[in-house]
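*Asks:* Quick one: sequence plus predicted model below, questions after.
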Amino acid sequence: MAKKEVMSLKSYSKKALLTIILLFLMVLILTGGVIASIYLVLNQLLQILICSFLVLGILIALFYIVFIGKRLYDLFYKQGIEITTHNIQALSNFDKSFDYYEEDEYKELKDLNTTFKDIAKNVGGRTIISQGLAHQEVPLKYDDEAKHFVNESSLIKNMHSLIIASESYRNALIDISYNLGKETIEEKSVSRIYNTIKENLSYEHVLISFKENKQGFVVYVPAFDSINQLKEELEYIIKDISLVKKGGTTKRAVVAHVSVAIYPYSSIDNLVKDLSKARKEKKVLNIYIPERTFEFNNKLLFSSMNINNTTKLIEDVSSIVPDPKLYASNLTRIKKCIDNTSNYYGFDAAGYLGYDKDNEKYINVYSFTSKDEVIFKDSVDISKKFIQTLNAVKDSDSSYYFSSRKHINNRLALYVDQYRIRSGLFYILSRDDKPFGVLYFLNRHKDLSFDAYMKESLITSCHVLGSVLEKMDARRNVNVADKRLSEILKISGMTLYSVNKANYEIVRYSQSLLRLFPSFDPSMPCYKALYGLNKPCKNCPLKQKRHMISEINSHKYEVYPVFANKYDPTAHLLIQPQKGDDVSERFDDETLLSSFASFRTDLSNQLLSNVSGKILLLKVKNIKDVISSVKNGGYVTLIKEFSDRVLTHYVDFADVYQFNSSTLALILHDKSDEDIVSICQEICDIVQSEKVDDTHLSFMYLVKNYSANDTNDALQKTLLDALDKYKDENEDEIVFVDTEYKRSASLDGYLLEQLLSSFGEKTYDMEFTPLLSNNTRLVYGVEITPNIVDRNVNKRLDISKAIEVAHNKGFGDIYSDGMLLYLDDLISRYTYTFFMSTDISCMSLKVDHNFINQDRFIEHLKEIYSKHQLPKGFIAFEVSEDDVYEHEKEYKEIVRKAAQIGVNFIVYDYEGNKYTVASLGELGFKEIKFSKKILSSINDRDSYNQTTYMWLEAIKQQMKVNFTGVESRKSSEAIVFEGYDCGVQGDYYFKPMDEVKAFEVIRTRNMKDKDNLDN
Amino acid sequence: MILIIGTNHDDVLYYESILSSPKEEVILDKYHALVGTIASQETMVLQDVYTSYLSGILATYIINHYFISLIINVGRCEAISDSLKVGDIVLSESIVFGDVDQIASLKGTTLGQIPGYPRSFAVPNNLTRNLYTSLEKIVDKRFVLATFVSSSFFRQSKERVGEISKDEYINSLNQNIVLDGESAGIALVSQLTHVPFIAVKVVEAKAGNYTSLEDYLLVLDEYAPLGKAVSNFIGEISRTDILRIGGKF
C-alpha cells in the first residue's frame, strides 16, 4: 500500500482559504463580466451561450466553495475540536481510551495522534498520584448554613472527586435508614443523630447528608482504619440512634438499618449501586463486600514510592531459607528487618511476640525501640487473652491497624490501655486459627498519621516477615519433633523404620538404623536392603502380625509392627535388642554420647557388613582452656551441643562417639577424601559458631581408612598410635594417616597455604588462552591464568578466592609480586622481538581489586616496561564489571596511573548491568570482553541490537571489543559487524593450554595463510 | 419530680417521646436532661449515665437541686442466671455492689459491703409490687424479680461471672441474678437520702457475652411495652401516693 504523504494542516488551511478567496473573486469578476456582456451588443445566441457558461462556472465555484468549507469543518471541528475534547475528558479521568484523528495525512494531526498514543502508553504503565483537589475544594453543596449536612445529590455526584481527594485506601459510604412508613425524622432527632454519628465516627472529613426523603442519612467516611473497628463503631451508633414511631395509638421503637459499601472493594463507579444492594439486605448492619476481582483499569493506582522502599526493607528476609540449622542467623536477619522497618516508619517500639510451647505462654521474642520505650518486657508474661482478642478482632489480612486510641475495638482497648499503647499495627500469625506469633509496630506517645500508601507498604512488609516466620516456625516444629523421637530411640536402643505395605520399600527410617545397617540402600525393599533377601522374610512381622527375631551382627533383635492402622499405606516397624542381649555401657557417663564400646561395636558392624569408609577422629586441642575458662560443666555442654549439631546437619551420620576423654570419633562409610575435607571444613565452621563464655572447641582431625580386610583391634591400635604421633599438630589441621597428607581444615587456611607454597616454591602452572582477531583469525594476544593445583588431591584451587584470602591475611603481595615476576621472566625468556615478529601485542592477566591494591604495583610495572621497552598496551589486566562497581574509586586511580605507563585495563564478563560502555571509557578502560551469555543469546533480535549498540559505543570510545565463549562454528559466524574487527576466544578456537604449547600455536598459527585458518 | 435515669439514648427513648411539654435542663454543664410530664407527674429524663460512680453523683446532685420523689433506673442488663433469657424484663428486688471488696479495710466488713452500709440494698416492697402490677397489665413478655449485681466493669470476665453466680449470699437474695452498671450507685444515694429507688431493665445478653444486633432488636422491642408499664406505674403512684420518704430498707 502506498504510504500517505504527510502535509501540513496549517499550509493546507492557508491554501484552502486562498482558494476560497480566489474563487469568490472569480465569481465576482464573472458576474461582472456577465452583466457587462449582456449590455454589450452581442447577438442573442452568444448571450445565451455566455450566460450558460457563466452559470456553470458559478455553480462549479459554489460547489467547490461548499466542498472546501465542509472539508475545513470536518478537519477543524469534527476532528480537531470533538476528538480533542473527548481525549482531554478521558485524560482528566485517567482513562487511556483515546480516539485518534482519522485524517492523519496531516502532519499536525499525525503528531497529535502520536502524542496521544504515548500518553496512553504512559498512563497505562505509570503510577498516578492525584495532586489535584484538596478535600475542601470538592464543590459540595450543603443543605444548611452551618454546613452540617451535605446535599445528598451533591454528595453522590462528587463521590469520585472525594475519593480521589482523600487519597486513602479505604473509604466507606454508609446509608442509615429508618422504616418510618410515612413519617419523617423530627428535627431534634436529626441533630441528635448527627451529633452521635460525628462523635463516634471521629475521622477527619466525615460528611453527613440528611436524605431527601427525610427518613435517613448518608454518611461518607474517608480513610478509616479497620473494617472490624468501623463495624464496632457502627454497632455502637445503632444502639444509640433508635427512633420512636408513633403509628396511631401505639408507639414502638424503630432501629436504624445501616448499610455500608467500601472502596476499593467496590469500585468508584459501583459504590452507590453496591450501597443500594446492601440496603436490600434485611440485617440491621450490612457491610457489603462484593466478590468481584480487582479491576485492572482502576483509575486510582498505587504509589511506587513506598513500594520501592518497602522492597528495600524486606529484600533481605525475602531470601531467607527456613532451615532450622540457620535459625539463629535467620532470626538475626528478621530482627534487622524489624529494626529497619520501625526506624523507617518512625515507631516508638517494634518487635515480635512468640508462643513458647514448652511453657505454654506467649513471650517477647524480640523487641526494638529507638526511644527507650519497652512495651512488652521480657520478664513479664504476655496475657493469652490479649493475644486471643487480637486474633478475634484482626482484619482478613491478619493485621490490626489503629491510628489512635479512639479507633480501637472495645475489647482490645482494655489491653492497649494496660500497655499504654496509643497507636500502631499488630500483625497476627496463626495456624488453624491459633495464634503463634504477633508482629507489632507501636507508638506510645503519638497517633499514626500514615497515608494509604505507607499503611499498605507496612502491611506488605508484615506479610513478608510473617510468611518467613511462619515457615520457620513450622520447620522448627517438625525438626523438634523429629529430634525428640530420634533421641528417645537412641537412648532406648530402639530403631524405627517405615515401609510401603504394597512393595516393602523403606520410606522413612530413624538415624539409629544406620548403626545396625551402615550401608543399606533405602531405595530397596526392606528384606533386601536390611537382610539381603530376594523376597520377604519368612517370619515377616507385617504378615505374621507379631514380632520377628533377627540376628544382626551377632546380636539378637526383636522386630515389631507398631502403630497399626489399616488405612495407612505405610507400615511402621520397631527394632529393639532382645531382652538379655543388651549392649552394655552404650553411653559415656559424663557426656552421654555413645561410648567407646559403642564405637567398637558399630565399627565391627561395618567391618562385618563388608563396608569400607573412613574413621574421623576429632582431637580437642584446647581442652585445658575450655575446662578452665568455661564454668559449670561447659566442656560437656560444648561437646554435647556439638554432637547434636553434627547429627542434625548430617542426617546420614549414625552417631558421634566419645573415643576417649579428649577425642570424638565418627564412622563415615562410603566417603571420599574430598568428602572428608568438606566435612572437616564444615565442622570447623560449626565449632566456631558454638561458643560458651566466648570459648569454642578446637579440633585436630585424623582420618583413617577402613575396609573389610581390617580388624577392629588393628584399627584401634593404628588410631591410638596416630593420636600419639600427631599430638603436636596444630588445631584445624587434617592429617590423613594412611598417606600422611596434611592440610588445613579451614578453607581459608588451606587456600593460603597452597598459594604461599605454590608461589614460594614456584610450583604453579600458567594456562594460556590465545586471543584471536575475528577478521583475520590470527592470534594477537594471550590471556594468562595461574593454575594452582593441590597435587595431593589433584584439585585446582579457586584462584580468586585464594587471592582474596591472601589479601585478607596480609599476604596479597606474594601473589601479585609472583605474577609480575612471572610476566617479567616470560618476556625475558621469549624476548620482545619474538612477540613483535609473531604480532603478539597483548598479554593479559585476570586480577581483582586486591591485586592492584598492593603497594609496589605501579612501580613494579614501570620496571618491567622500562626493562623490556614494551609498547603501550602490551600488558593488560582484566577485571570483572562487578569488581569495578564495588571498588570504583580504587580502579579510577589505578587505571589512570597504569595507562600512563602503558598498561591497559580490560573489563571482562561485561553485560552492561552496572556500567555503560561510555562510562567505562571515561574511567579509562581500554577494552570490554563480553560475557559468554551475550554470545549465547546473540540470535535473539533484542540481544543482537543491544550488543551492536554496545559495540558501536565502544568504537566511539575507541575501545576494543572481545567476545568470549566461542564454542562452535555457529557462534563464531554470528559475530559479524561490517567494517569492524573484534577479539574472539573460546574452545572452538583454542582451549587453555600450557606455556610451551601456547607459544608453539602462536608461532605456527600466525605464519599460516589466512585461508587455511578456519577450524 | 420523678427521675428516670438511663445509660444511653435508646434506654430513655420511649420516655422522651411521651414527655409532655418537654424542656431541656442542663445538669453540671454537661448533661442535658429533659423535664416534662408523664401521666401528669413531673418527670426528668436523664441519659449518658455510665457506672455507679456517675449515677451516684448525678442522683445526689439532682436530689439536692430538685425535689425528687422517686428514682427509676431503666435500660439493659446482663443475665447471670441461666433461667433468664434475652428480652426478659427484670425488676430489682435487691441490689448489691459487684465490684467492692473492703474486707481488709475494716474488721467485720463482708464481700461487696461498703463499711457502714448494708451489703445489699433492698427496694421498697410497695414499689416492686406496684410496678409488678403495671407490668402484668401491659407486658406480654416474661418479667421477674431479680437481684441486681452492679459493677463498673462493662464486660465482666467469665471467671468473675462464675464467682458471682456461685456466691451463696447473692443467691440467697433471689435466684434470678443480673448484672448492670449503674443501679448500685443510685441505691447507695437512695440509702443516704431516703429517696425511694427501683431499677427495671431488659436482659440484653448472657453476662460476659457479646450482644449481637439481632439480640439488641429483641431488647428494643421490649422498650415500648416496658415504657408503657413504667408510665402506668408513674400514673398509679401519683394517684395513690404510695411513696414514703424514709421507706423500709
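*Replies:* Sure, I can see it. Residues are numbered from 1 along each chain as shown, chains lettered A, B, ... in the order given.

*Asks:* Return the helix or strand in chain B with minimum mean pLDDT.
*Replies:* Of the helices and strands making up chain B, the lowest-confidence element is helix B:158-166, at a mean of 81, by mean pLDDT, DSSP states H and E.

*Asks:* what does the strand or helix carrying residue B:33 contact?
*Replies:* Residue B:33 belongs to strand B:31-38 when assigned by DSSP states H and E. Residues outside strand B:31-38 that contact it (CB atoms under 8 Å, 6 or more residues apart in numbering or on different chains): B:1-2, B:15-16, B:18-27, B:42-46, B:48-49, B:58, B:62, B:231, B:234-235. Glycine gets a C-beta too; all of them are placed from N, C-alpha and C.

*Asks:* Restricted to strands, list the residues you listed.
*Replies:* Those of the contacts of strand B:31-38 mapping onto strands are B:2, B:20-27, B:42-46, per DSSP state E.

*Asks:* Can I get the buried part of these as one ChimeraX selection?
*Replies:* Applied in ChimeraX, the following selects the buried portion of the ones in strands among the contacts of strand B:31-38 according to 16 or more other CB atoms under 10 Å in any protein chain shown:
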select /B:2,22,25,43,44,45,46
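
*Asks:* which residues of the stretch 351-500 of chain A fall in strands?
*Replies:* Ranges of strands in the stretch 351-500 of chain A, per DSSP state E, counting those that start in this stretch, are A:361-369, A:399-402, A:423-431, A:434-443, A:495-500.

*Asks:* out of these, nearest to residue B:85?
*Replies:* strand A:434-443 (32.3 Å; CB to CB).

*Asks:* and that closest one, which strands flank it?
*Replies:* strand A:349-356 (antiparallel), strand A:423-431 (antiparallel) (DSSP bridges).

*Asks:* distance of the residue lying farthest from the centre of chain B from residue B:115?
*Replies:* Ranked by distance from the centre of chain B (CA atoms, centre = their mean), the top residue is residue B:107, with 30.3 Å. According to CB to CB, to the nearest Å, residue B:107 and residue B:115 sit 9 Å apart.

*Asks:* before we move on, the earlier item: from the ones in strands among the contacts of strand B:31-38, which are also near chain A?
*Replies:* Among the ones in strands among the contacts of strand B:31-38, no residue lies close to chain A (CB under 8 Å from any CB of the partner chain).

*Asks:* counting contacts, what elements does the longest helix belonging to chain B pack onto?
*Replies:* Secondary structure of chain B read by DSSP state H shows that its longest helix is helix B:213-240. On a contact count with 3 or more CB pairs under 8 Å, 6 or more residues apart in numbering or on different chains; DSSP states H and E, helix B:213-240 meets helix A:227-238, strand A:252-254, helix B:9-18, strand B:31-38, strand B:41-46, strand B:70-79, helix B:125-138, strand B:197-206.

*Asks:* can you list the strands of the stretch 351-500 of chain A in JSON lines and add mean pLDDT, mean neighbour count and distance to residue A:928?
*Replies:* Formatted as JSON lines, these follow (pLDDT from 0 to 100; neighbours: other CB atoms under 10 Å in any protein chain shown; distance: least, CB to CB, whole Å):
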{"stretch": "strand A:361-369", "mean pLDDT": "88", "mean neighbour count": "18", "distance to residue A:928": "46"}
{"stretch": "strand A:399-402", "mean pLDDT": "92", "mean neighbour count": "23", "distance to residue A:928": "49"}
{"stretch": "strand A:423-431", "mean pLDDT": "93", "mean neighbour count": "22", "distance to residue A:928": "48"}
{"stretch": "strand A:434-443", "mean pLDDT": "93", "mean neighbour count": "22", "distance to residue A:928": "47"}
{"stretch": "strand A:495-500", "mean pLDDT": "87", "mean neighbour count": "21", "distance to residue A:928": "58"}
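
*Asks:* tell me the domain boundaries of chain A?
*Replies:* Following the assignment in automatic domain parsing, chain A carries domains at A:9-107, A:135-288, A:305-479, A:493-581, A:583-745, A:750-1006.

*Asks:* pLDDT averaged over the second one, what's the number?
*Replies:* The predicted model assigns domain A:135-288 a mean pLDDT of 85.

*Asks:* Report the distance from it to the chain centre.
*Replies:* 44 Å (CA atoms, centre = their mean, to the nearest Å).

*Asks:* does it come close to chain B?
*Replies:* Yes. Under the criterion of CB under 8 Å from any CB, chain B is reached by domain A:135-288 at A:192, A:196, A:235, A:238-244, A:250-253, A:255, A:283-285.

*Asks:* now the residues you listed: which count as buried?
*Replies:* A:192, A:196, A:235, A:238-244, A:251-253, A:255, A:284-285.

*Asks:* so after the helix-or-strand element of chain A with minimal mean pLDDT, what's the next helix or strand?
*Replies:* One helix or strand of chain A scores below all others by mean pLDDT, DSSP H and E: helix A:305-318, with a mean of 59. Scanning forward in sequence from helix A:305-318 by DSSP H and E, the next helix or strand is helix A:327-345.
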